[in-house]
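S.K.: What would the 3D arrangement of this be:
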Amino acid sequence: MFIREILSFKGGDEIFSITPGDDVALAVERMVANDVGSLVVKNAKGGMVGFLTERDIMKGLRRQGCTLKDTKVSDLMVTEPVVATPDDTIDYARDAMTKARISHLPVLDGNKLVGVISFYDVAKACLREANFENSLLKRYIKHWPEQEA
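M.R.: Numbering: from 1, shown residues only. The predicted structure is shown next:
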């Protein structure tokens with residue numbers, strides 16, 4: 001299974017974003033309001049310049065003594081996040097996310113951002129694929145040819 005298939009299962013999910021100069025409080029507000037764990041950080045021209053996740057915010061809280069008052073997104077964002085392409089496999093995504101200990105992966109087609117997948121999306125796709133294979137195996141076993149004597 002390929003990442004493009006995960007994106008198609010998700011449908012036309014909006015890519016939630018923020019700018020580097022916005023306050024982290026706005027980022028938290030946007031994440032909570034949209035029930036997402038990450039935001040793409042875009043410049044004025046709409047290009048991706050970073051990525052901000054719940055984990056980045058938690059690290060910032062710890063580093064700054066549990067206060068992010070007046071902290072900008074640019075202070076916490078990752079400027080070179082791990083990314084994937086639509087042609088990468090689900091195994092690549094799972095491996096990259098596990099090794100980097102990340103839960104969200106921006107998906108780029110060339111330089112164009114086409115989506116963001118989460119570890120939940122990957123797990124859901126793996127379950128879907130396993131259930132499909134399981135049903136095929138059950139059907140095959142049910143119609144097992146009789147052995148000739």
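
S.K.: any idea where the strands of this structure begin and end?
M.R.: Using DSSP state E, the strands of the chain run over 17-18, 38-42, 48-53, 104-109, 112-118.

S.K.: Out of the ones you listed, the one nearest M1 is which?
M.R.: The closest of the strands of the chain to M1 is strand 112-118. By Cβ to Cβ, the value is 11.9 Å. Just so you know, the C-beta spots here come from the backbone N, C-alpha and C atoms, and that holds for glycine as well.

S.K.: which residue packs closest to S118, ignoring adjacent ones?
M.R.: H104 (5.2 Å; Cβ to Cβ, 6 or more residues apart in numbering).

S.K.: Verify the stated contact: the one you found with G37.
M.R.: Yes: applying Cβ atoms under 8 Å, one finds H104 in contact with G37, separated by 6.0 Å.

S.K.: who has more neighbours, these two?
M.R.: For the pair H104 and G37, the greater number of neighbours falls to H104 (23 against 17), based on other Cβ atoms under 10 Å.

S.K.: Quickly note the distance from the more buried one to L61.
M.R.: Distance, H104 to L61, using Cβ to Cβ, to the nearest Å: 18 Å.

S.K.: one step back: overlap of the contact sets of H104 and G37?
M.R.: T53, S118 (Cβ atoms under 8 Å, 6 or more residues apart in numbering).

S.K.: Show me what the least confident helix or strand in the chain by mean pLDDT is packed against.
M.R.: In the chain, the helix or strand scored least confidently by mean pLDDT, DSSP states H and E is helix 119-142, which has a mean of 86. Where contact means 3 or more Cβ pairs under 8 Å, 6 or more residues apart in numbering; DSSP states H and E, helix 119-142 is packed against helix 3-10, helix 90-100.

S.K.: Mind listing what's buried along it?
M.R.: F119, D121, V122, A125, C126 (16 or more other Cβ atoms under 10 Å).

S.K.: Can you tell me which of those comes closest to K112?
M.R.: Checking those against K112 by Cβ to Cβ gives D121 as the nearest, at 19.3 Å.

S.K.: So in terms of bridging, what pairs with K72?
M.R.: When assigned by DSSP bridges, K72 has beta-bridge partners D23.
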